[in-house]
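Student: Dropping a prediction and its sequence here:
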Amino acid sequence: MLALLSDEQQMLKEVAVQIAGSAGPANPSDLHTRDRAAAWQSLAQSGLLALRTRDDEGRPVGSGVEVAVVAEALGAGLVPVPYLGSAILATELLALAGAHDEAEALAQGVSRTGVLLDRDLSALARVPGDGPTYGWDVDGAAAALALTDSPDGPQVVRVSLETGFVPVAGADLTRTLVRSDGPIGAAHLTPVGRPLSPEDLQRWEALTLTAISADAVGVMRAAVARAVAYAKERVQYGVLIGSFQAVQHMCAEAYVSAESAASATNYAAWAVDELDPTEALMAARTAKAQCAAVARDVTETVMQVFGGIGQTYEHIAHVHTRRALTDRQVFGDEGTQLLRIADVRLTGE
Amino acid sequence: MDYRDTPEEAEFRAVLRQWLSATIPAGWDKIDDEEEAVELRKEWHRTLYRAGYVGMSWPVEYGGRGLSPVYDAILNEESGNMNAPSLPSVGYIGRAIFTYASEEQKRRFLPPLLSGEVSWCQGFSEPEAGSDLASLRTTARLEGDHYVVNGQKMWTSGGQYADWCLLLARTDPDVPKHKGISAFLVALNEPGVTVRPIVIASGEAETAEVFWDDVRIPEEQRLGAPGEGWRIAMTTVAYERGPADIGFIAAYRRTLRKVERLATERGLLEQPETRKALARAYVRGEVLRLNCMEQLSLRVSGRAPGSEGSVAKLLWAEAEQSLQHLAMDILGADELTGVADGWLSSYFTSRPVSVYGGSAQIQKNIIARMLDMPR
């Protein structure tokens, strides 16, 4: 047993942190000026968009651990590019469906594809259907992937975002959301690859929950670091506010919460490709449940440490909170994960 | 990164499981009499020692096997899984002795500590020095070739059953408080030592207070240099709260299974709120386990336990106490009327988890220090 990143993974982390550092906003106003296309190209050139494409033996180029390392770095940097949507969630779906050329195109950075979510953002949309659907993390994407039932199992389908979808002013300022209110008819669906097995879907969900958890861990750790740094420079009553035990304990609690989420996520990341799909999914639900349980509190604590300035639109704090709230909800919040975990623990489902 | 056992670890685990299932004394956990239970724990220590399971991660020269601390963790985990008697906690005293003792002291004290011939306690806290340990008032005055000790120690866990004590006392009142403390190795049967059990809120005698009246200690039983006591104490507590105590995780999982059974027996499994609460308790246990595995990995890769142990300590207290709250919610009145035997005691036993080994507030102070926050 050795639950630590390898030297190679540590190097990958450094690359991802470096890209995130130049692509992420220091202030909300930076979100309008950052060169998102250049950031995407850096990720493509460093091979970070190709982690879930398959090598000659059909194995993922990068394991769940590498995915989590990159996702955490980009979350920490609040980087406004569709890494999760396109490079992880959509690419993995394509690879599992055997659509390797399309996965490769995403990895090269020449095209982008998002995912289509149901009304409460808790699952991949099943189409055709009536309710509203959301294209999530679709910046620069012309299409999003969803599932349709076929006699041979769930079939991945591409849904064009060009017609029927309108931009939504969602909570998250760093990832793009679009919505379709109308029904998505069978005529708008293009099947991609072969139908998925139940194990494929479990594996995909495990990776998805883990990658989102890793993003949330990055968001939380960076937010806590910002608050701690601020507490070391902000003076009130003639002393640094970080010298007050009340402030110290708030920061310590937020730190413990973020680290607890990280521990669960690291294991889930390892489990994605190393354990049975059911075990991997259980580990991923555990990580997602923990992240969802603490993400709101942690980012709220950070806003509190920043005091008045932390409540303003021009300050970066709420950008963390918005991304954390979104990570909490997409693909199921804490309650959703806990009920599924209970099914396994208590009913053996 | 690999959370699985290496082939060597897996082999060790398999042999251990076999040994445990053949060796755990039947009905040991049904013993009500405290004296009998203590005797059983001491005997279990000797049994483990003969099989080579005590002090595995200690250096070979001090009677250990020089193995990675992962093996201690596996022993802890499997002991919990297989419901073995609690493991002897020789680690922190041993660490203090083989880090700071003279060769002669090592030869004298380590073998009987390992074998279980001699059991130890830790005389640190005092009535006026709990969280603020460095304010301790017990004094050791050098008179010729002896120190004379006077004072009172409190929260000396196991003090009523121990033979020897790792004692902290003030040897120099004229220097800053952290610098005037020395550590001693003392037999509790010396004249002038009085041990009195402390009954905690559950009604059980979990710990003790120890009175020192003109107790004479030969100078050669001082551990380390004069004034080095604080450093020795900090080394000791770091190992005490560290992830090697992964045994509490297996115990937590056992309690969780019991609480799940309670909910099942009471027909509460259909309630979504109960299902969520039970799953939440599972998640807390997993988070704790995985955090400890990471800490253990850091230690294996050569780092001494640091402040990160404070994170695990806080997570542990929260998990343990929330689980007892959940049991209480499930049991309702039955926990208060004596119908559900033992649960009220478990509840009260979970309360000091956020006090002993450094209170939750002290752990947060330590984390703030680690985050380099201003003093």
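Tutor: Perfect, thanks for sending it.
Student: Export stretch A:66-80 to PDB, keeping only CA atoms.
Tutor: Only the C-alpha atoms of stretch A:66-80 are listed here, as PDB (Å, rounded to 0.1, in the frame of the first residue of the first chain):
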ATOM      1  CA  GLU A  66      -4.200  11.400 -13.700                       C
ATOM      2  CA  VAL A  67      -7.700  12.700 -14.500                       C
ATOM      3  CA  ALA A  68      -8.200  13.700 -10.900                       C
ATOM      4  CA  VAL A  69      -4.800  15.400 -10.800                       C
ATOM      5  CA  VAL A  70      -5.600  17.600 -13.800                       C
ATOM      6  CA  ALA A  71      -9.200  18.200 -12.800                       C
ATOM      7  CA  GLU A  72      -8.100  19.300  -9.300                       C
ATOM      8  CA  ALA A  73      -5.500  21.700 -10.800                       C
ATOM      9  CA  LEU A  74      -8.100  23.300 -13.200                       C
ATOM     10  CA  GLY A  75     -10.700  23.500 -10.400                       C
ATOM     11  CA  ALA A  76      -8.200  25.200  -8.200                       C
ATOM     12  CA  GLY A  77      -7.400  27.700 -11.000                       C
ATOM     13  CA  LEU A  78     -11.200  28.200 -11.700                       C
ATOM     14  CA  VAL A  79     -10.100  27.700 -15.300                       C
ATOM     15  CA  PRO A  80     -13.000  28.600 -17.600                       C
END
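Student: ok, and does that stretch reach over to chain B?
Tutor: No: residues of stretch A:66-80 are not located near chain B by CB under 8 Å from any CB of the partner chain, the shortest gap being 10.1 Å. No exception for glycine: its C-beta is placed from N, CA and C like everyone else's.
Student: Can you get me a residue count around the residue nearest to A:Asp137 when sequence neighbours are not counted?
Tutor: In space, and not counting its chain neighbours, A:Asp137 is closest to A:Gly85: 2.7 Å by CB to CB, 6 or more residues apart in numbering or on different chains. Counted with other CB atoms under 10 Å in any protein chain shown, residues neighbouring A:Gly85 total 26.
Student: Look at A:Gly85 and report its pLDDT.
Tutor: pLDDT for A:Gly85: 98.
Student: Centre-most residue in chain A?
Tutor: In chain A, the residue lying closest to the centroid (CA atoms, centre = their mean) is A:Ile212, at 3.0 Å.
Student: Using the three-state scheme, assign it.
Tutor: Under DSSP: H, G, I helix; E, B strand; the rest coil, the three-state class of A:Ile212 is helix.
Student: can you give me the strands in chain B?
Tutor: Secondary structure of chain B by DSSP state E: the strands cover B:120-123, B:139-143, B:146-153, B:164-170, B:181-187, B:193-199, B:205-218, B:222-223.
Student: Nearest to B:Tyr53, out of these?
Tutor: With CB to CB as the criterion, B:Tyr53 lies closest to strand B:120-123 of these, at 18.1 Å.
Student: if you average pLDDT over the closest one, what comes out?
Tutor: On average, strand B:120-123 scores 94.
Student: same question, stretch A:263-278
Tutor: Rounded mean pLDDT across stretch A:263-278 is 98.
Student: Not counting its own residues, what contacts stretch A:307-317?
Tutor: A:25-29, A:78, A:223, A:226, A:234, A:299, A:302-304, A:306, A:318 (CB atoms under 8 Å, 6 or more residues apart in numbering or on different chains).
Student: Can you tell me which of these end up in strands?
Tutor: Cross-referencing the contacts of stretch A:307-317 against strands under DSSP E gives no overlap.
Student: For A:Asp181, give its distance to B:Ala140.
Tutor: 80 Å (CB to CB, to the nearest Å).
Student: residue ranges for the helices of chain B, please.
Tutor: For chain B, applying DSSP state H gives helices covering B:7-23, B:34-50, B:69-81, B:91-100, B:103-115, B:229-240, B:247-265, B:272-300, B:308-331, B:343-350, B:360-370.
Student: which helices and strands sit right next to the first one?
Tutor: Spelled out, that is helix B:7-23. helix B:69-81 (3 or more CB pairs under 8 Å, 6 or more residues apart in numbering or on different chains; DSSP states H and E).
Student: Now do the helix it packs on against helix B:7-23, angle only.
Tutor: With axes from the mean of the first three to the mean of the last three CA atoms, to 10 degrees defining the directions, helix B:69-81 sits at 30 degrees from helix B:7-23.
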